[in-house]
Every structure is written in structure tokens, then in C-alpha cells.
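**Q** Pasting a predicted model and its sequence here:
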Amino acid sequence: MLSKVKSMVGEVIKVLRPINPTLSEEKKYEILRLRGIYLTAIFSLFAKIISMLSIFITIPATLSYLGSELFGVWMTISSIVAMLTFADMGISNGIVNKLSKSINTEDNAETKKIITNAFCVLLIIAVTINIMFALVSQVVKWSDFLNLSNN
């Protein structure tokens, strides 16, 4: 197990070193591609760590500032907004696949068409969600719905 980890770290270090100019163009391209993959993974890991640390810092500060009742409302609203991030119904994953194909084939017209269509569909979804919220807000008394006290 330890030897496997050492070989993986050695491979990462080899890819992150400066590129030897005597290598073939194909090998240089492969190293650059791997470098992009490794750097993306490393920075993604750092971003997740920073995100988790910020949660551990902001939650206690917000709880002491708002109090337990308003903190519960804030967390409820935050959770609903977080769930709405999945409201694209997988469109973003489909866009990535289609865009990678059109960019690889250098079909600029198809790329523009994909981006425009995705924007329109996502805009329709966002407008629909906002209209539904506006209609529901006219009927629902939020203080009763969230079980808030009078003060």
C-alpha cells in the first residue's frame, strides 16, 4: 500500500516538473493534460477544505448572532436554496457532454446553439420557480409555516 502511494506521488511530481524540451510533442501534450487534471483535482480539494472550514467558522458565529429561532429559519431557507441547485434536472451535465463534443470538433455554430438553448431552458426553469414562489407567498403565512414566536 505504501509503495503504491509513493509511486502515485512520484508520478504527480514527475508531471508537475518543468517539461523537458527534448520530449516529443505527443508526450508534452500528455504531460500537459495530466498536469491540468492533477492541478484541477488539487485545487478542488483545497476548495472543499476551505468551504468546510468556513462552515465551521460561520455557523457558531451566526448562531450566537441570530439566536436559535432565527438561526433555524436561516438554515431552513439555506437548505431550500441548496436543494434548488438541483433544479436544473441534469441539464448542466448534458451541456458538458455536448459542449465537449462540439468544441473538440471545432463546430462553433453548434457550440453557440448549445449554450443558447441551455440558457433559455434554465431561464424558463428559474422563472417558473419564481412564479410558483410568488403565488405560494400570497397564500402562505410564513410565520405560521416556520412556527415562529410572536417576537
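**A** Thanks, I have it.
**Q** Give me the pLDDT for residue 47.
**A** Looking at residue 47, its pLDDT is 93.
**Q** Now do the phi/psi pair for it.
**A** phi -60, psi -40 (degrees, to the nearest 10).
**Q** Low-confidence stretches in this structure?
**A** 151 (pLDDT under 70).
**Q** residue at max distance from the center of it?
**A** Relative to the centre of the chain, and counting by C-alpha atoms, centre = their mean, the farthest-placed residue is residue 22 at 38.9 Å.
**Q** Specify the local secondary structure of it.
**A** coil (DSSP: H, G, I helix; E, B strand; the rest coil).
**Q** quick one: it from residue 10, how far?
**A** 21 Å (C-beta to C-beta, to the nearest Å). Using the backbone N, CA and C atoms, a C-beta is placed for each residue, glycine as well.
**Q** got the phi/psi numbers for the residue farthest from the centre of the chain?
**A** phi -80, psi -10.
**Q** Residue 32 versus that one, what's the distance?
**A** Separation of residue 22 from residue 32 (C-beta to C-beta) stands at 16 Å.
**Q** Over to residue 87?
**A** 36 Å.
**Q** again, but for residue 44
**A** Taken as C-beta to C-beta, the span from residue 44 to residue 32 is 18 Å.
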